[in-house]
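> No letters, just coordinates:
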């Protein structure tokens, strides 16, 4: 019901706000990726690695706060009086699962920026359309059966698939444009 949706929404909104970090890194990396000359392996590899390390270095500590300290965070933020113990466990578990998705989703910003900067935005657009179709098939039964934690898992699954495919696409472009 509505209370269950509020638990998921609260966890999701708390976690998703930190994607702004990845967006900030991408805002700097995109023009640099665009200006790479084909065959400049050293610069391409350095930029790609730097982008990934910056995002990981900023996002992993945030995810660890939610994973290791979610109970403390949510009980103090939302107040123990407003949450029963079951709801607190649910929101804490959902935030931990979503935090894993946050790391993957944030890291996927780098290959996505690379793909688009190198002239293949239609690849990422197509991927996102396919993801939506798949998500609409697998999400409802998972959410129905597993509730808030299941909803968090569906986002983790989507983030995982997206990250894997974006890294594969970027690897192909890096190979085709003689960057790796």
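Nice, thanks for sending it over. Every value quoted in this text rests on a predicted model; they were computed, and no experiment measured them.
> Run through who's touching stretch 75-91.
Contacts to stretch 75-91, defined as Cβ atoms under 8 Å, 6 or more residues apart in numbering, come from residues 3, 7, 10-11, 70-71, 74, 147-149. Where you see a C-beta, it was placed from the backbone N, CA and C, and this is true even at glycine.
> Can you add pLDDT and secondary structure and give these back as CSV?
Formatted as CSV, the contacts of stretch 75-91 follow (pLDDT from 0 to 100; DSSP: H, G, I helix; E, B strand; the rest coil):
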residue, pLDDT, secondary structure
3, 75, helix
7, 84, helix
10, 88, helix
11, 89, helix
70, 90, helix
71, 88, helix
74, 85, helix
147, 92, helix
148, 92, helix
149, 94, helix
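> How about the contacts made by the residue nearest the centre of the chain?
Compute the mean C-alpha point of the chain, and by Cα atoms, centre = their mean the closest residue is residue 105, 1.6 Å away. By Cβ under 8 Å, 6+ apart, the residues touching residue 105 are 19, 22, 159, 162-163.
> Just the buried positions in the helix or strand containing it, please.
Residue 105 is located in helix 85-117, with elements delineated by DSSP states H and E. Neighbour counts over helix 85-117 (16 or more other Cβ atoms under 10 Å) mark 87-88, 90-117 as buried.
> Could you do stretch 150-162 as well?
150-159, 161-162.
> quick one: the residue nearest to the centre of the chain from residue 74, how far?
For residue 105, the distance to residue 74 equals 21 Å [Cβ to Cβ, to the nearest Å].
> how far away is residue 133 from residue 127?
In this view, residue 133 and residue 127 are 11 Å apart by Cβ to Cβ.
> Those two - which one has more neighbours?
Neighbour comparison, residue 133 and residue 127: the larger count goes to residue 127, with 17 against 8 (by other Cβ atoms under 10 Å).
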